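[1] pasting the sequence and the predicted coordinates here, then a few questions.
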Amino acid sequence: GAGVRVTGSQGNWQLTVDGQPWTVKGLTWGPPAADAARYMPELKSMGVNTLRTWGTDGSTRPLLDAAAANGLRVMNGFWLQPGGGPGSGGCVNYVTDTAYKTSMLDTMRQWVNTYKDHPGVLMWNVGNESILGLQNCYSGAELENQRVAYAKYINEAVRAIHAIDTNHPVTNTDAWTGAWVYLK
């Protein structure tokens, strides 16, 4: 079938693009999206078929255009605070900050609506290492409460994205297997 699908079962998952198996051979994308056309032929020649971003916004289209023109696909990221790693900045309260969560859902909906039919899209990725990164903002029981609330928010975001786009999977990135219990 058309679109991007995840089929199979535990231990035997398969990602397909338009019915054909897709094995991700990827890199994270760092340069400005406006420079994508310059880099894509070289990436393709190296065997890269997938790029990942940390943010999706009004500047994303040139990256998607260049990827599609060269047979690559993009895992479009949506950054959420606090993120992981150095310089990730910002602590948000996932238990109580409804305004932040609503604003980010609105942002995700906007860009999914904008790009969902673009042939360069492989999937959506919500958050980056935030379950780990929350340890930089909270500790003890409050850290646990925040991690649970964040994981519930990820599920809410996945549902919101799938309500708009049923042709692309949605995933989440975290930095350690300890995040799995929260996401489960």
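    Nice, thanks for sending it over.
[2] any idea how far Ala157 is from the residue lying closest to Met104 once chain neighbours are set aside?
    In space, and not counting its chain neighbours, Met104 is closest to Leu80: 6.3 Å by C-beta to C-beta, 6 or more residues apart in numbering. Every C-beta, even on glycine, is put in place using the N, C-alpha and C of the backbone. Distance, Leu80 to Ala157, by C-beta to C-beta, to the nearest Å: 8 Å.
[3] next, show the common contact partners of the two.
    Counting by C-beta atoms under 8 Å, 6 or more residues apart in numbering, the contacts common to Leu80 and Ala157 are 104, 126-127.
[4] now do the phi/psi pair for the residue positioned nearest the centre of the chain.
    Centrality entry for the chain: nearest residue to the mean C-alpha point is Asn125, 1.2 Å, by C-alpha atoms, centre = their mean. Note on Asn125: its backbone torsions stand at phi -130, psi 120 [degrees, to the nearest 10].
[5] what sits against it?
    Contacts of Asn125 (C-beta under 8 Å, 6+ apart): 52-53, 75-78, 170-173.
[6] let's see that with 7 Å instead.
    52, 75-78, 171-173 (C-beta atoms under 7 Å, 6 or more residues apart in numbering).
[7] could you say which helix or strand holds the nearest residue to it once chain neighbours are set aside?
    Nearest residue to Asn125, sequence neighbours excluded (C-beta to C-beta, 6+ apart): Gly77, at 4.5 Å. Assigned by DSSP states H and E, Gly77 belongs to strand 73-78.
[8] and that strand, which strands flank it?
    If you go by DSSP bridges, strand 73-78 pairs up with strand 50-52 (parallel), strand 121-128 (parallel).
[9] could you point out which element follows the last one?
    It stands for strand 121-128. According to DSSP H and E, the helix or strand after strand 121-128 is helix 130-133.
[10] mind listing residues that contact the helix or strand just after that next one?
    Downstream of helix 130-133, the next assigned helix or strand under DSSP H and E is helix 140-164. The contact list for helix 140-164, computed with C-beta under 7 Å, 6+ apart, reads 94-95, 101, 105, 108-109, 112-113, 116, 124, 126-127, 130-131, 134-135, 138, 170, 172, 182-183.
[11] just the buried residues out of those residues, in ChimeraX syntax.
    A single ChimeraX command selects the buried members of these (16 or more other C-beta atoms under 10 Å):
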select :94,101,105,108,109,112,116,124,126,127,130,131,134,138,170,172,182
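[12] still on that earlier bit, using CSV, lay out the strands paired with strand 73-78 together with distance to Leu43.
    Shown next, in CSV, are the strands paired with strand 73-78 (distance: least, C-beta to C-beta, whole Å):
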stretch, distance to Leu43
strand 50-52, 7
strand 121-128, 14
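[13] adding distance to Thr23 and mean pLDDT, write these out as a markdown table.
    What follows is the strands paired with strand 73-78, written out as a markdown table (distance: least, C-beta to C-beta, whole Å; pLDDT from 0 to 100):
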| stretch | distance to Thr23 | mean pLDDT |
| --- | --- | --- |
| strand 50-52 | 9 | 98 |
| strand 121-128 | 12 | 96 |
